[in-house]
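1. let me see the structure of the following:
(3 chains)
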Amino acid sequence: MRTLKVSEKNRDFFSQVYQVVREIPRGRVTSYGAIAKFLGSAGSARMVGWAMNASHKQIENIPAHRVVNRNGILTGKHHFNPPEKMIQLLEFEGVIVKNDEVRDFDKVFWDPIIELDIE
DNA sequence: ACGTTGACCTATA
DNA sequence: GTATAGGCCAACG
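-> As a prediction, the model looks like this:
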């Protein structure tokens, strides 16, 4: 269990999303909804998507390819350039993607609610 | 200021 | 198994 320290500056929703996404280990994935729920705003999963959409503007690298929807489908691949990049990144880390869907999703799923503690 | 738009999710049929 | 509906709420035009 790792503890996430949220400083005064990083209190806004987007920053918190980025901090969680950065904690996803190599070869594991999580879902938009899981992040939203972890941050206390379940039902705002679409905002997590928005955060990913804006993640390329961030200075630090955000492993947005490790975030998929709750069925393990790579719904966000069209926002990568090229779209195949997302699959390549995942498979490079050992995640097997078949037909835009993560294989053994339940096994590689990384749940921030279990793995992270917020401070 | 306001209507529309989503890298979503749950529920229901 | 698919389909449709409603809620969500920040950002964009």
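
2. and chain A, which residues reach DNA strand B?
-> Contact residues, chain A versus DNA strand B (CB under 7 Å from any atom of the strand): A:31-34, A:36, A:45-50, A:52-53, A:55-56, A:64-65, A:67, A:69-71, A:75-76, A:78-80, A:86. All C-beta spots, glycine's among them, are computed from the backbone N, C-alpha and C.

3. narrow these to those that are buried.
-> A:31-34, A:36, A:45, A:47-49, A:52, A:55, A:64-65, A:67, A:69, A:76, A:80, A:86 (16 or more other CB atoms under 10 Å).

4. pretty sure A:N53 sits against A:F80.
-> No: using CB atoms under 8 Å, A:N53 is not in contact with A:F80; the gap is 11.3 Å.

5. pull the contacting residues for the closest residue to DNA strand B within chain A.
-> Residue nearest to DNA strand B within chain A: A:G76 (1.9 Å; CB to the nearest atom of the strand). A:G76 makes contact with A:G49, A:M52, A:A64, A:V67, A:V68, A:M86, according to CB atoms under 8 Å, 6 or more residues apart in numbering.

6. now do the end-to-end distance for stretch A:77-85.
-> 8 Å (CA to CA, to the nearest Å).

7. right, I'll leave it there.
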